[in-house]
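In: Curious how this folds, go ahead:
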Amino acid sequence: MTKHVFVTGGVASSLGKGLTASALGRLLKSRGLRVTMQKLDPYLNVDPGTMNPFEHGEVFVTDDGGETDLDLGHYERFIDENLTRSSNATTGSIYSSVIAAERRGDYLGRTVQVIPHITDEIKHRIRQLTSDDTDIVITEVGGTVGDIEILPFLEAIRQLRLDIGPENVFYLHVTLVPFIGPSGEQKTKPTQHSVTELRSRGIQPDAIVCRSDEPITDDLKRKISRLCDVPFAGVINAADASSLYEIPLVVHDEGLDTFICNHLRLEVPDAELTEWKALVDRVFSAEQTVRVGVIGKYVSLIDAYLSVVEALNHAGIHHHTNVEIEWLQAEDVEGLLADRLRSLDGIVIPGGFGERGVEGKVAAAGFAREHGIPCLGLCLGLQVMTIEYARNALGLANANSLEFDPQTPHPVVNLMENQRDVSEKGGTMRLGAYVAQLAPDSKVARAYGEEVVSERHRHRYEFNSKYLNKFDDGNFWASGESPDGRLVEFIELRDHPFWVGTQAHPEFKSRPNRPAPLFRDFIEAVLDRKNGRNPQLLSLENSTSQTSS
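Out: Below you'll find the predicted structure:
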């Protein structure tokens, strides 16, 4: 029978439940177990797709087009498995399903209540992930114990242990052990209160992960063990780590995976962590540092670009390079061209929606093109690169996207064909994995090492193929298209060391030990420029300086 591990959190939000769950997934998979993961979110939105990035952060997209919580990105990166839309369930989606069933008459006129109908739907969502090909499902319950929104989820996972047997369920609770400066002590009281709150909902944790800024003593562990009724071996300290990829090694050294396997009666080999340890060694063996500017609209909340950050880090790890990210507000970029942009080793223009900051992104794309700075455009990034080239290289005055200027004389970016009314914001995008055919000997084909690739998408607007012949100037290259040739998926310049855009989000499929190909080659181009190794770049810089003089 498939085993279940439920991860809850207490004391405060943002303690690292998602990373703890991800690290555990990595450890259990390294023992030969088949692992999948799930996030239960207590908010009433049906999915994060229409939520403000400043509030929620990144929307992570799965292969099957699910718009999900950003923690699914951590799950995929750590366990190296592609998840599906079934791996994220919200209160909104659960209530929608129950209400739809009531309207159909599925409940035969009975009174519909939180218990059993909502809790049964939650258990159904959890059991959806069980199969003959899955040994363990790790389910993170969002929110913090004590929140009113979380109560149906706690009741559902409490019932599930009764349904399938205690030997098949493990409750892992993540809490905070803060350091109180005036007293000079680490305090266990918040953990005690959190566990008391969890017990009041009928759940006794089997293990507690104690988050702290510094390691806690065995005496404190014994105190937590005694007062929270958890075995000493089940009190796990996860002190702050220098890299998130250290976390599996930290909790493994604390014995978390062994304790869980013993509880669930799993006879499995020890964790094989040789490859992961080598990865962590590479994280701390960077031979040089590069500065990459991310030109974004939501840079005040870095989580809005979480997968982009990790994809850059993965590429840096591959090249034994520390990638230092400089966050640049897109609205301010036009005033920064002469100083901050010039000092960068590379530029990334990530995705986004809406008009704000677009002209700054266009200016950054032009600056990178004219000065030979490696530039990678993602989704909206491709669109602004297209707009910039149309205006300044092809002379198409006031070229723009219909998203930003419905009256533009040159709509080089327009709505997808057969698009529905965009006043309905949910479900109107190209979402999920789509295949692209790459041009032989293009930069993108060399990066991927193949000519047919699949990447994930999330957008409403596309390169306007009606303008494609105007871009055929011998330099601009639509180097990747949909298999039917109707949609432009990748663009690049022939005479530039790396000025590449993709309509997709390759960052979603990047892994710490297998970086996304475009990010890997982007950082390689950044290193070539920094170290003066690119003849194409020198030629471009010479021609630029001669033109300026």
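
In: By mean pLDDT, point me to the weakest helix or strand of the chain.
Out: Lowest on mean pLDDT, DSSP states H and E among the helices and strands of the chain sits helix 535-548, with a mean of 50.

In: Tell me if I'm right that residue 164 and residue 3 touch.
Out: No - contact between residue 164 and residue 3 fails when scored by Cβ atoms under 8 Å: they sit 9.0 Å apart. Where you see a C-beta, it was placed from the backbone N, CA and C, and this is true even at glycine.

In: would you list every one of the helices in the stretch 201-350 of the chain?
Out: 218-228, 247-253, 256-263, 274-283, 306-318 (DSSP state H, counting those that start in this stretch).

In: and residue 399, which of those is closest to it?
Out: Among those, helix 306-318 comes nearest to residue 399, with 26.1 Å by Cβ to Cβ.

In: for that closest one, packing partners?
Out: Judged by 3 or more Cβ pairs under 8 Å, 6 or more residues apart in numbering; DSSP states H and E, helix 306-318 is in contact with helix 71-79, helix 274-283, strand 288-296, strand 321-329, helix 517-530.

In: Tell me where the stretch 1-150 of the chain has helices.
Out: Using DSSP H, counting those that start in this stretch, helices in the stretch 1-150 of the chain cover 17-30, 53-56, 71-79, 91-104, 119-127.

In: avg pLDDT for the shortest one?
Out: Confidence over helix 53-56, taken as the mean pLDDT, stands at 81.

In: Mind listing what's buried along that helix?
Out: For helix 53-56, the neighbour count (16 or more other Cβ atoms under 10 Å) marks 53, 56 as buried.

In: outside of it, which residues touch it?
Out: The contact list for helix 53-56, computed with Cβ atoms under 8 Å, 6 or more residues apart in numbering, reads 48, 59, 70, 297, 298, 300, 301, 304, 352.

In: Pull out the buried residues from the residues you listed.
Out: When neighbours are counted using 16+ other Cβ under 10 Å, these contain these buried positions: 48, 59, 70, 297, 298, 301, 304, 352.

In: Quick check: chain neighbours aside, which residue is closest to the third one?
Out: If you skip the residues right next to it in sequence, residue 70 has residue 58 as its closest partner in space, 4.5 Å away by Cβ to Cβ, 6 or more residues apart in numbering.

In: Verify the stated contact: the one you found with residue 306.
Out: Yes - counting by Cβ under 8 Å, residue 306 is a contact partner of residue 58 at 4.7 Å.

In: what residues are shared contacts of those two?
Out: Common neighbours of residue 58 and residue 306, using Cβ under 8 Å, 6+ apart, are 70, 73.

In: So between the two, which is more surrounded?
Out: Comparing residue 58 with residue 306 by other Cβ atoms under 10 Å, the one with more neighbours is residue 58, at 27 against 18.

In: and that one, how far is that from residue 372?
Out: In this view, residue 58 and residue 372 are 30 Å apart by Cβ to Cβ, to the nearest Å.

In: between the helices of the stretch 1-150 of the chain, which gets nearest to residue 148?
Out: Among these, helix 91-104 comes nearest to residue 148, with 11.0 Å by Cβ to Cβ.

In: so how far is residue 110 from residue 414?
Out: 50 Å.

In: Also residue 521?
Out: As defined by Cβ to Cβ, residue 521 lies at a distance of 59 Å from residue 110.

In: how about the nearest residue to residue 202 once chain neighbours are set aside, what does it touch?
Out: Spatially, and ignoring its direct neighbours in sequence, residue 202 is nearest to residue 158 (4.5 Å; Cβ to Cβ, 6+ apart). Residues in contact with residue 158, defined by Cβ under 8 Å, 6+ apart, are 201, 202, 203.

In: just residue 168 next, same as before
Out: Contacts of residue 168 were listed using Cβ under 8 Å, 6+ apart, and they are 1, 2, 3, 4, 161, 264.

In: cool, and residue 308?
Out: 294, 348, 350, 378, 507.

In: now swap in residue 260 and tell me
Out: 5, 24, 28, 170, 172, 206, 207.

In: measure the closest residue to residue 295 other than its chain neighbours to residue 440 for me?
Out: Sequence neighbours aside, residue 364 is the residue nearest to residue 295 in space, at 4.6 Å (criterion: Cβ to Cβ, 6+ apart). Counting by Cβ to Cβ, the gap between residue 364 and residue 440 amounts to 30 Å.

In: Equivalent analysis for residue 386, please.
Out: Distance, residue 386 to residue 440, using Cβ to Cβ: 22 Å.

In: quick one, which of the two is more surrounded?
Out: Between residue 386 and residue 440, counting by other Cβ under 10 Å, residue 386 is the more crowded of the two (29 against 8).

In: Could I get the CA-only coordinates of the helix or strand that one falls within as PDB?
Out: Taking DSSP states H and E as the definition, residue 386 sits inside helix 380-392. The C-alpha trace of helix 380-392 is given here as PDB (Å, rounded to 0.1, in the frame of the first residue of the first chain):
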ATOM      1  CA  LEU A 380       7.300  38.400 -22.300                       C
ATOM      2  CA  GLY A 381      11.100  38.700 -22.700                       C
ATOM      3  CA  LEU A 382      10.900  37.300 -26.200                       C
ATOM      4  CA  GLN A 383       8.000  39.700 -27.000                       C
ATOM      5  CA  VAL A 384       9.900  42.800 -25.900                       C
ATOM      6  CA  MET A 385      13.000  41.700 -27.800                       C
ATOM      7  CA  THR A 386      10.800  41.400 -30.900                       C
ATOM      8  CA  ILE A 387       9.400  44.900 -30.300                       C
ATOM      9  CA  GLU A 388      12.800  46.400 -29.800                       C
ATOM     10  CA  TYR A 389      14.200  44.800 -32.900                       C
ATOM     11  CA  ALA A 390      11.200  45.900 -35.000                       C
ATOM     12  CA  ARG A 391      11.500  49.500 -33.900                       C
ATOM     13  CA  ASN A 392      15.200  50.000 -33.900                       C
END
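
In: Show me the contact partners of that helix.
Out: Contacts for helix 380-392 (Cβ under 8 Å, 6+ apart): 348-353, 358, 361-363, 365-366, 369, 375, 377, 396-401, 410, 412-413, 459, 461, 463, 467, 470-471, 476, 490-491, 499, 501-503.

In: Cross these against strands and list the overlap.
Out: In strands, judged by DSSP state E, the following of the contacts of helix 380-392 are found: 348-349, 375, 377, 400-401, 412-413, 459, 461, 463, 476, 490-491, 499, 501-502.

In: And residue 452, its phi and psi?
Out: The phi/psi pair for residue 452 (degrees, to the nearest 10) reads phi -130, psi 120.

In: just checking, it touches residue 440?
Out: No - if you go by Cβ under 8 Å, residue 452 and residue 440 don't touch, sitting 11.5 Å apart.

In: shared neighbours of the two, which are they?
Out: Residues touching both residue 452 and residue 440 (Cβ under 8 Å, 6+ apart): there are none.

In: Look up which helix or strand the residue nearest to residue 202 falls in, please.
Out: Using DSSP H and E, residue 158 falls within helix 151-164.

In: low pLDDT regions in the stretch 351-500 of the chain?
Out: 417-428 (pLDDT under 70).

In: Test my guess that residue 65 contacts residue 431.
Out: Yes - assessed by Cβ under 8 Å, residue 65 is found in contact with residue 431 at 3.7 Å.

In: between these two, what contacts are shared?
Out: Residues touching both residue 65 and residue 431 (Cβ under 8 Å, 6+ apart): there are none.

In: pretty sure residue 20 is touching residue 244, no?
Out: No - between residue 20 and residue 244 there is no contact under Cβ under 8 Å: 10.6 Å.

In: More neighbours: which of the two?
Out: Ranked by neighbour count (other Cβ under 10 Å), residue 20 and residue 244 place residue 20 first, with 25 against 18.

In: picking that back up, in strands only, show me the contacts of residue 260.
Out: Going by DSSP E, the strands hold 5, 170, 172, 207 from these.

In: Buried among those residues? Need that as a selection in ChimeraX.
Out: Buried residues among the ones in strands among the contacts of residue 260 (16+ other Cβ under 10 Å), as a ChimeraX selection:
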select :5,170,172,207
